[in-house]
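Enquirer: When you get a sec, could you give me coordinates for this:
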Amino acid sequence: MNKEYLSAGKIVGFYGIKGEVRAGYTHGREKQLEMVKEFILEKDNDKFPLKVEALRFHKGQMIIKFVTVDSVDDANDLKGFILKVKKSILEQNLEEDEFLIADLVGLPAYDKKMKLLGTIKFVADQGSGSIISIENEQKKQYLVPFVKDLVPVVDIQKQMIVINNIPGLVDEE
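Expert: Residues are numbered from 1 along each chain as shown. Predicted coordinates:
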């Protein structure tokens, strides 16, 4: 899988009459998204770049005006496209203990004694916090709240995380 470009949102419709689009996005990433000058739009077998003329946030959505999109019809044609952006842009301005989901998925998860518990399959944002799904060798999945007390170590460089495996969290077989 190519991790140079990551999904930054999805176009859900048009906005106004001047060719702007509305897009859903991961909240909390506004700083990084404001720096984007070009998105790669992708849907089915279509994939093409579009330069950003203007970008702002309104009522929980991203409003984007692309340089060559000037009408409601043009904007509406983009509905359903995924917005991809260079990973390096999204990595800018990350806070300490803040990570990109793409960097976490696939990492091995260990307990504090360095016994392998499984592999991270996905990360879900639940609004009040994130949850990581760990799958063991028997394909059983465990959901772990992604909080410092339960996940004290995330080391992207060493490609691993450590879980404070309290009783009942992840079965060790």
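Enquirer: Relative to residue 7, how far out is residue 46?
Expert: Counting by C-beta to C-beta, to the nearest Å, the separation of residue 46 from residue 7 is 15 Å. Just so you know, the C-beta spots here come from the backbone N, C-alpha and C atoms, and that holds for glycine as well.
Enquirer: where exactly do the helices run in the chain?
Expert: 30-34, 72-76, 87-91, 101-104 (DSSP state H).
Enquirer: which stretch in the ones you listed has the least confidence?
Expert: Per-stretch mean pLDDT for the helices of the chain is lowest at helix 87-91 (a mean of 81).
Enquirer: Any buried residues in that one, and which?
Expert: 89-90 (16 or more other C-beta atoms under 10 Å).
Enquirer: who touches it?
Expert: 3-6, 8, 29, 32, 35-36, 100, 102 (C-beta atoms under 8 Å, 6 or more residues apart in numbering).
Enquirer: Now find how far off-centre it is within its chain.
Expert: Helix 87-91 sits 11 Å away from the centroid of its parent chain (C-alpha atoms, centre = their mean, to the nearest Å).
Enquirer: Stretch 102-109 now?
Expert: From the chain centre to the centre of stretch 102-109 is a distance of 13 Å (C-alpha atoms, centre = their mean).
Enquirer: so who does the residue sitting nearest the centre point of the chain touch?
Expert: The centre of the chain sits closest to residue 101, judged by C-alpha atoms, centre = their mean, with a distance of 5.2 Å. Residue 101 sits next to 122-123 when contact means C-beta under 8 Å, 6+ apart.
Enquirer: could you measure it against residue 50, distance?
Expert: Per C-beta to C-beta, residue 101 is found 24 Å from residue 50.
Enquirer: Compute the number of surrounding residues for the closest residue in space to residue 30 that isn't next to it in sequence.
Expert: Distances taken as C-beta to C-beta, 6 or more residues apart in numbering place residue 57 nearest to residue 30, at 5.8 Å, with adjacent residues excluded. When neighbours are counted by other C-beta atoms under 10 Å, residue 57 registers 13.
Enquirer: likewise residue 71?
Expert: 12.
Enquirer: ok, back up a step: more neighbours, residue 46 and residue 7?
Expert: Shown here are residue 46 and residue 7; by other C-beta under 10 Å, residue 7 has more neighbours (16 against 8).
Enquirer: And that one, how far from residue 156?
Expert: Taking C-beta to C-beta, one finds residue 7 at 19 Å from residue 156.
Enquirer: Mind putting the helices of the chain into CSV with distance to residue 118?
Expert: What follows is these, written out as CSV (distance: least, C-beta to C-beta, whole Å):
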stretch, distance to residue 118
helix 30-34, 30
helix 72-76, 43
helix 87-91, 25
helix 101-104, 13
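Enquirer: for those helices, which one sits closest to residue 62?
Expert: Shortest distance between residue 62 and those, using C-beta to C-beta, is found for helix 30-34: 6.4 Å.
Enquirer: Sweet, I'm off.
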